[in-house]
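Colleague: Here is my input, please return the structure:
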Amino acid sequence: MGKIAIVTDSNSGITQDQARELGVSVIPMPFYINEKLYLEGITLSQEEFYEKLKNDETISTSQPGPADVCGLWNTLLEEYDEVVHIPMSSGLSASCDTAMGLAQEYDGRVHVVDNQRISVTQRQSVLDALTLRDAGRNAAQIKQVLEEQKMDSSIYITLETLKYLKKGGRITPAAAAIGTVLNLKPVLQIQGEKLDAYSKTRGKKQAKRVMLKAMQNDWENRFAEYVKRGEMCLQSAYTGNEEEALEFKKEIAEAFPGIEIVQNPLSLSVACHIGHGAIAVACSRKVVVE
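Modeller: Here you go, the predicted structure:
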């Protein structure tokens, strides 16, 4: 059996320390803050990022440079036979398409997975890849399984502020102003591909109720078969507001008694577009090897 390296990016929420423990490689996502380059988890911590966001500094996201991606693959391929690369969803960034283009130069030794995941659901894909590798699957088989299950995940997220949606052109300044006055909190969803509107609520308390109800509906209907077989994972994520997120985690636990909940900070690439204070509930199907 050939040796297979697993690669992801920092959008997975996997830190460099966790990557070393898991035996995977994590490419840091680059940011430009006041035109200076920072790398998530290496030269930019979560705390520093939110401080700069709070100070209204100019922040833009980017994708890993081709030289950095290929440099990592080249190094890994000196020791490994194949690479499975799991970037963030192609619906949210061009980095997946870029990696697929670069992989064409590697004679089938690099397999880029486009399974439409982000944050805690992307993290689960990395764990799934390790499960499959340890069960003797090759890189092509790992890619195939992960992509076959790409729609078997769900994320609902609510925001503290409409400021960053307005900044990114996702809503008009007028809509943002009205929403702020009325204390409207959007609930957004990711059902495999892009970030879409799910509902509008008055206040965050109501938004949390809507998210929990939506997740229960997914759990009881859309994913009922996988839930029955013990193949669904429940997750939560947040942007900088750990105390509030821990409280929400308790609410999720009450709605889903006896289910383990994995909670992680959202990646900075996502936080950049939605701001501080967002909270999310998510689920994803995990790979079970017979």
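
Colleague: Where do the strands of this protein begin and end?
Modeller: 4-9, 25-27, 30-33, 36-39, 59-61, 82-86, 110-112, 153-158, 184-190, 195-202, 232-238, 261-265, 279-285 (DSSP state E).

Colleague: quick one: average confidence on the second one?
Modeller: The predicted model gives strand 25-27 an average pLDDT of 96.

Colleague: buried stuff in that strand?
Modeller: Applying a neighbour-count criterion of 16 or more other Cβ atoms under 10 Å, one finds 25-27 buried in strand 25-27. In short, each C-beta sits where N, CA and C put it, glycine included.

Colleague: still on that earlier bit, closest one to Asp97 among the strands of the chain?
Modeller: Asp97 sits nearest to strand 110-112 of all the strands of the chain, at 9.1 Å, using Cβ to Cβ.

Colleague: Strand partners (parallel or antiparallel) of the closest one?
Modeller: The strands beside strand 110-112 in its sheet (DSSP bridges) come out as strand 82-86 (parallel).

Colleague: So what touches the partner strand?
Modeller: 2-8, 12, 69, 73, 76-77, 99, 103, 106, 109-113, 115, 117, 122, 125-126, 129, 133, 138-139, 142-143, 146 (Cβ atoms under 8 Å, 6 or more residues apart in numbering).

Colleague: Narrow those residues to those in helices?
Modeller: If you go by DSSP state H, those have 69, 73, 76-77, 99, 103, 122, 125-126, 129, 133, 139, 142-143, 146 in helices.

Colleague: pretty sure Trp73 contacts Tyr106?
Modeller: Yes: at 6.8 Å, Trp73 counts as touching Tyr106 under the criterion of Cβ atoms under 8 Å.

Colleague: higher neighbour count, these two?
Modeller: The neighbour comparison of Trp73 against Tyr106 (other Cβ atoms under 10 Å) goes to Trp73, with 22 against 16.

Colleague: Would you mind measuring from that one to Leu37?
Modeller: Distance of Trp73 to Leu37, given as Cβ to Cβ, to the nearest Å: 21 Å.

Colleague: And Val145, by the same measure?
Modeller: Taking Cβ to Cβ as the measure, Val145 falls 36 Å from Leu37.

Colleague: the more surrounded of these two?
Modeller: Using other Cβ under 10 Å, the more surrounded residue of Val145 and Leu37 is Val145, with 18 against 12.

Colleague: and Ser236, what are its bridge partners?
Modeller: Note on Ser236: beta-bridge partners by DSSP bridges are Gln263, Val281.

Colleague: Touching, it and Ala245? I think so.
Modeller: Yes: under the criterion of Cβ under 8 Å, Ser236 makes contact with Ala245 at 6.5 Å.

Colleague: lowest confidence element among the helices and strands of this protein?
Modeller: Every helix and strand of the chain was ranked by mean pLDDT, DSSP states H and E. The lowest is helix 173-181, at a mean of 51.

Colleague: Where does pLDDT dip in this protein?
Modeller: 1, 162, 164-183, 192-194 (pLDDT under 70).
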